[in-house]
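K.L.:
Coordinates only, no sequence provided:
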């Protein structure tokens, strides 16, 4: 770079490149950022670019910043359903559920042992990433067995993203 500005603003710099050149240029821009140690504001609609190149990401909708965090924080703890559905491939699974007064959330015909501090009973949306689900096979059978019980779906994660359905 000829000048030494305090900030570089890049507005969709890779949008007109083919896939191979896009990947190469993405790597070059990331290396340039590391080498110069200067702030880069990088505007993109491509979540892969944002999540792989950024130290921090600001997710915007309708001109409003919805969430600002590291890429991992945005993936693991999205601020709301809109962010959760935008970030990640494959797309997050959203289940309709009912928060029960006795505890837990009823969804898919099962009461899941999920606690939601300070929440009222009522309809909720549960966001679960695909990699968090696993089939619970019949006792003594391997997971690769064709006799896995698809009715025994369980979540391997201890954290859930639950929000009142009415807020979205």
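P.N.:
Looks like it arrived, so ask away. The structure displayed is predicted, hence computed values, not measured ones.

K.L.:
check contacts around residue 15.
P.N.:
Neighbour list for residue 15: residue 44 [criterion: CB atoms under 8 Å, 6 or more residues apart in numbering]. C-betas here are computed from N, CA, C, even on glycine.

K.L.:
Next one: it, what pLDDT does it get?
P.N.:
Here, the pLDDT recorded for residue 15 equals 91.

K.L.:
hang on, it in a helix?
P.N.:
No. Residue 15 is assigned coil when assessed by DSSP: H, G, I helix; E, B strand; the rest coil, not a helix.

K.L.:
what about it, distance to residue 89?
P.N.:
Using CB to CB, to the nearest Å, we find residue 15 at a distance of 19 Å from residue 89.

K.L.:
same question, residue 56
P.N.:
21 Å.

K.L.:
Could you point out the longest helix of the chain?
P.N.:
helix 19-36 (DSSP state H).

K.L.:
That helix packs against which elements?
P.N.:
Helix 19-36 sits against strand 39-43, helix 47-53, with contacts defined as 3 or more CB pairs under 8 Å, 6 or more residues apart in numbering; DSSP states H and E.

K.L.:
Do a quick rundown of the helices in the chain.
P.N.:
Listed in chain order, the helices of the chain (DSSP H) span residues 19-36, 47-53, 71-76, 81-86.

K.L.:
No more questions from me, cheers.
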